[in-house]
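> Sharing a model that was predicted from the sequence below.
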Amino acid sequence: MSEENKGKGKSKKNAGDLRIGVFVCHCGANIGGFLDVNAVAEYAAGLPNVVHAEHNLYSCAEDGLAAIRSAIEEYDLNRVVVASCTPRTHEPLFRENCEEAGVNKYLFEFANIRDQCSWVHMKDWDRATRKAEDLVRMAVARAALLEPQEEIELDIYPAAMVIGGGVSGMTSALSIARQGFDVHLVEKEGELGGMLRYLYNIFPENRRAEEVISELRERVENEDRLTVHLNARIDSIDGYYGNFEVALDEGEGLNRIKVGTVVVATGADEFEPEGLYAYGTDPRIVTQRQLESGLKEGRFSDLKEVVMIQCVGSRGQVLSYCSRVCCATAVKNALALKELFPGVRVEVLHNDIQVYGQRYEENYRRAREAGVRFKKYDPERRPEASVEDGELKVRFHHQLMDRDLEYHPDLVVLSTPLVMNEGGMEVARMLRVPMGGDKFMFEAHVKLRPVDFATDGLYLCGTCHGPADITESVSQANAAASHAVNPMARHIVETEAITASVNEDACIGCGFCAWACPYGAPKLEAREDGKLVSRINEALCKGCGTCAAGCPSYAITTRHFRNDQAMAMIHTAFPEPSKPGPDFEPQIIAFTCNWCSYAGADLAGVSRFQYPPNIRIIRFMCSGRIDPMFVFEALRSNADAVLVSGCHIGDCHYIDANYRTRERFEALEEVIAELDVEPERLRLAWISASEGQKFAETIKEMVEDVKKLGPFDKSRLVYKASERV
Amino acid sequence: MAEGKAKVLHEKEVMVVGGGVCGIQAALDLADKGFQVRMVEREPTIGGRMAILDKVFPTNDCSICILAPKMIMCYNHPNIDVMTYAEVKKVTGKAGDFKVTALKKPRYIEEDLCTGCGDCIEACVLAGEFPNKWDAGIGRRGAVYMPFLQAVPRIAVVDEESCLTLRKEKCKMPCLRACQRKAMNFKQKPAEVTLDNIGAIIVATGLEDYDPSEITEYGYGRYTNVITAMEYERLINASGPTGGHVHRFNDDQRPRRMGFIQCVGARDLRMGNPYCCSVCCMYATKDAMLAREHYPDIESYIFYTDLRAFGKGFDEYIRRGREEYGITYIRAKPGEVTEDPDTKNLFIWYEDLEEGGIKSMEVEFLVLSTAFVPFHGVENLAKTLGVELDEYGFFRAEDDLLNPLDSTRPGILVAGACQAPMDVTDSVEQGGGAANRAAEIIAQAGKKTVKKARKA
């Protein structure tokens, strides 16, 4: 297939003279409140090949989209640039809008002037405006070189895997099976049930946990299309959306299972409060889960006084987050104690009782009516527990009375948070899905895509996503099941058109690409004329471009992320060399991957982490696409420093392509040293999608470092053999 | 993502009642599975409550910016038929096989002809005469109007109760002449639509704000500068009626010191509702943060009962509010608010539960974090659907634990804030979950039919 014929938009709009339209969005005040949108639009109108530029209050609103469509019609546009938010959320919408108006969606280009500009330079109107103009200029330069592309459709293997056999996993697997698809439920323990197995009764219905599990287990066991794998460990996960291959270790060798989609429901563990409140020194100091197991087994008798302490190890004590379910658990267990041991005195020492919603609030009220006492402590002066002469002692500072109180209970119960478990982390690493700062798995979008990973075909539910109660886990499990079923219901998955292509005439048949590719997509073949050339299996190619970045004869390129497209952005990022002197502002080009670092930069934006506007980001799908040539070209084109940023080693969305990034970077460092260029001008940073703060900090540091060095002297790039001893 | 490409693969259709973020998620998921979806929205636009919020916690993402693409995708999806300004009137049948009658209210504008240009809106002789409920009553509209800037579909609507012509009063009807498409049609009548191929119904009708006027001690409605959180949300919103400027109502000055009172009409056995609304601690913090972003010298004081920040990243958000945005949290339930008759400033009287003592604080603007209540008319809808409500008027789940999305009538699912107050994330999860249950129910009903047919 030749490049020219690939486009589905067959109208004249995709061919002929370049006619670029630029649409600058105010995003209400999100952009318009922090930089001069009108000026940016005016500036865009004067750029090469731009035949129309306008600004809209909301480009993504129906009238904004309509404005783009009618401008395409009126000005016969064949390339569209929208300067607004981020391609990560809005590219599909604008692409579809372009298609509707007859412009192939790959002829659309984004300039991120909100998440990576107005939101991070909120206090610098002028420089934010200049930067937005630069970003638009770069986008226009790239747009001029875009070509229409078409997506490939692949068959999907019509089965799913659910990892984790707790209530979320069971619910999810059941639902997938009941919609007519084969599903494998994988559990590392010898029985299903997860966390529920340790619980006594379950709120809000006060049902016995055992009954709930056995009810679910029975449904699972009687479901035709559902296969349960107990005592099973995942050894490896290979393949891609629609065609994953999971190697399962079930004791006797590896069982290879093919699935189209994967739901992660690996649950959580209870935090072990080692070293807190004398935990571990006396069997009468227990966690809530130990209390429940004890109640279940009838281990406690004749309790007279119980003190519960909330937020043990959470909300700033060891971990920073609130674990959502512990207050409701304490209330539930306090009531259970009151029921089992009438006359028992139960005191709950808390830092705000977080019993949200209706049922939990109601139960809280019931507990107070039943005589459970709730007392707030000051997080700066947490209670203290100790064992003295065989007696339990809890000291507590009553804030309102400003007095120290002392309890001598028979039992101290510590409410500890849920934490990510080891098994879950291992699965996350194998699937190369990110974890957040709290170590729980990191979803594609906190508000609108809570059960999806950013990677297609992978979904999550239950407490591996963060603390949740059973009701919430069940809702999530259903939602995740839904998304896991959808591509199977449609039978096909569409993959991006961004794949590698080889110029066979330039290819020297060295085989580097076949070695570097994480997917084994390129293969050396003898052409009819006998020449050994590399050929790409497009079904296997995921478009990371690490082959292209390393090809010694520049014979390989990735569609939509070609060398010339990158060069055009590099050349237009900074029109002038930076000015030396006391007002020197370093000019920095950052090359980032799409999945982690670009997302991290966006997160810095939504979190409003401010950093100086000295940086221009050029995005690739993977940091493995970053050719060392780009770095030199950036330094040659008025950049004073270059940042290369990708997913953390081990988290790469293209298996291990970022190992190549690291190798190339290390080689680059050597060359730079050889050329006597200060090492601070070249920086590598692994930044994940959840590390907005780190992104902002990295830029701040870099700007400070380079400020000390002054502008880059381009003559350094000319290798002077005479200087070499 | 492959949304927008699905064909209809199933014989049965699914109805989604309510076009807020929860209903939109349900509809998109079902359409993506290959179901034909019939969405019924009683307002002239989809989007619901999230469409009029300024930002969403804990990321402070721009609410409409992330929702608008979904609204548009939903409206344009080939598998989703969105019927706005319509209500469900009758439901018969059973799970897997329902027949639903909906009533489409007249917009007095031909939907196929209207381009949303707004010429009629400008022409209306009563332009700006009525409070626009989409702006929490702060913005104003005419008899013909567009609910908000990003409304989907972008089609104007004539309000029967405001329009002179429809009230049979004299009007020169400039709107008719203004519309070049001749889309205005005052002869439109309500139209019944019957859908008899519905396999399952998802109810995602959301909730409403509590009216705090009955809690007279806070002076809402009496004191000029006491507003509700929703009113504040429209004030601070750049596409709201003031373009994002917060100002006092007596002197147009922007406030320098603001108070927020939590649990207004919530967690209260005396007035309002006994339940906790789950989101107010978070939105109040967001509101105070946004104030600080707009006006770096503004001071905010939040009077709370318990600070409930239990979701992912929530506790950290409150900490940022305290440390980076200078918000002061005071543990107290104020007993009284008084107004200075000259300055129109407000004195909040409270008992400090941390330091003790009765105190008062003067603020220039007071925002009441009002509770959420079931939407007006929920009893009628429940009756029509044949499902039960709980003691508070929210839809009851058949089994709170393992089947939290099924209503008390098989085949009818309940999702989102019509079940209980909840945030966007939880609503999206429930919307997706309910879509899944609907597909499951239809698949199971189909199985039974096949079995029966085989036996016969």
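Nice, thanks for sending it over.
> Going by C-alpha atoms from here, please, whenever you check contacts or count neighbours.
Noted.
> Which residue is the nearest non-sequential neighbour of residue 71?
Going with chain A. A:L77 (7.3 Å; Cα to Cα, 6 or more residues apart in numbering or on different chains).
> Hmm, no, I was thinking of chain B.
Nearest to B:M71 is B:G47, by Cα to Cα, 6+ apart, at 6.2 Å.
> from what I can see the one you found touches B:C22, true?
No - contact criterion Cα atoms under 8 Å: B:G47 and B:C22 do not qualify, at 9.3 Å.
> if you count what's nearby, which of these two comes out ahead?
B:C22 (34 against 25; other Cα atoms under 10 Å in any protein chain shown).
> Okay, the more buried one and B:V91: tell me how far apart.
According to Cα to Cα, to the nearest Å, B:C22 stands 21 Å off from B:V91.
> Is there contact, residue-wise, from the helix or strand hosting A:E494 to chain B?
A:E494 belongs to strand A:492-495 when elements are defined using DSSP states H and E. Yes - Strand A:492-495 is in contact with chain B by Cα under 8 Å from any Cα of the partner chain, via A:493-494.
> Quick check: mean pLDDT of that strand?
Averaged across strand A:492-495, the pLDDT comes to 79.
> so what does that strand touch, helix or strand wise?
The contact analysis (3 or more Cα pairs under 8 Å, 6 or more residues apart in numbering or on different chains; DSSP states H and E) places strand A:492-495 against strand A:152-155.
> Over to the residue of the stretch 451-600 of chain A found nearest chain B: give its phi and psi.
Among the residues of the stretch 451-600 of chain A, A:A479 lies nearest to chain B; the distance is 3.8 Å by Cα to the nearest Cα. The phi/psi pair for A:A479 (degrees, to the nearest 10) reads phi -60, psi -40.
> pretty sure it contacts B:G432?
Yes - under the criterion of Cα under 8 Å, A:A479 makes contact with B:G432 at 4.3 Å.
> residues contacting the residue of the stretch 151-300 of chain A found nearest chain B?
Using Cα to the nearest Cα, the closest approach of the stretch 151-300 of chain A to chain B is made by A:Q179 at 5.2 Å. Contact partners of A:Q179, counting by Cα atoms under 8 Å, 6 or more residues apart in numbering or on different chains, are A:485, B:439-440, B:443-444.
> What residue, apart from its backbone neighbours, is nearest A:V136 spatially?
A:A111 (5.7 Å).
> what are the bridge partners for the one you found, then?
In this entry, A:A111 is beta-bridged to A:A83, by DSSP bridges.
> What distance do you get for the residue nearest to B:G139 when sequence neighbours are not counted to chain A?
In space, and not counting its chain neighbours, B:G139 is closest to B:P241: 4.7 Å by Cα to Cα, 6+ apart. Distance of B:P241 to chain A, computed by Cα to the nearest Cα, to the nearest Å: 12 Å.
> so what pLDDT did B:P241 get?
89.
> Identify the residues contacting it.
The neighbours of B:P241, taking Cα under 8 Å, 6+ apart as the test, are B:135, B:138-140, B:234-235.
> How about B:A68?
For B:A68, the contact set (Cα under 8 Å, 6+ apart) comprises A:60-61, B:47, B:51, B:150.
> Using the three-state scheme, assign it.
helix (DSSP: H, G, I helix; E, B strand; the rest coil).
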